[in-house]
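K.L.:
Just a sequence and a predicted model for now, questions to come.
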Amino acid sequence: MAKNTAAEIADIGFSKEMFGKTTATDYTNFLTAVIASQESLLSGRIGAAAYASASSPTQEYIKQAAACVVAAELCRRRILRLTQEAKNEDGTDAKKLRSSRKEFIAEAEELIVKINAGGTIDGTGFASGVNVSSHFAEDA
């Protein structure tokens, strides 16, 4: 199940005109498809059990991470569209989008690390172990 709606993603600052969509329905369908593909990839990265988590703050981290990976993908698609249109000879808009995309990716990666660490910022969800071995036969 998607963590974000098309409206929530559009509220980040994307519009149908940015992607050549002429109707609200086309734009919503486009966003829904991007959300589904990116959230599926996120689920694969963090695991289905973590993705389905309903506990706080993990649930909120997953929603934010999902929004970030979707936004990064939309930035990538917009950059490609700008490049194809070649309307901005100085590339200003594409440069800003590349920067935004990097920020979304970085935030998503930070959130994924938090999710995989048990959803805690202070490390209390971290688990570790130590394996002790020796090459001497009597220590085995």
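P.N.:
The structure has been received and is ready for your questions. Numbering: from 1, shown residues only.
K.L.:
pLDDT weak spots in the protein?
P.N.:
85-94, 119-140 (pLDDT under 70).
K.L.:
how about 50 then?
P.N.:
121-123, 126-130, 140 (pLDDT under 50).
K.L.:
Helices of that one, start to end?
P.N.:
Counting by DSSP state H, the chain has these helices, from start to end: 6-10, 24-46, 48-51, 58-85, 92-116.
K.L.:
Could you dump those helices into TSV with mean neighbour count and distance to residue 16 added?
P.N.:
Quick note: C-beta positions are derived from backbone N, CA and C, even for glycine. Output for the helices of the chain, formatted as TSV (neighbours: other Cβ atoms under 10 Å; distance: least, Cβ to Cβ, whole Å):
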stretch	mean neighbour count	distance to residue 16
helix 6-10	17	8
helix 24-46	16	4
helix 48-51	14	28
helix 58-85	19	12
helix 92-116	16	17
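K.L.:
Export these as CSV, with columns for distance to residue 17.
P.N.:
Listed next are the helices of the chain as CSV, based on distance: least, Cβ to Cβ, whole Å:
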stretch, distance to residue 17
helix 6-10, 12
helix 24-46, 9
helix 48-51, 32
helix 58-85, 10
helix 92-116, 13
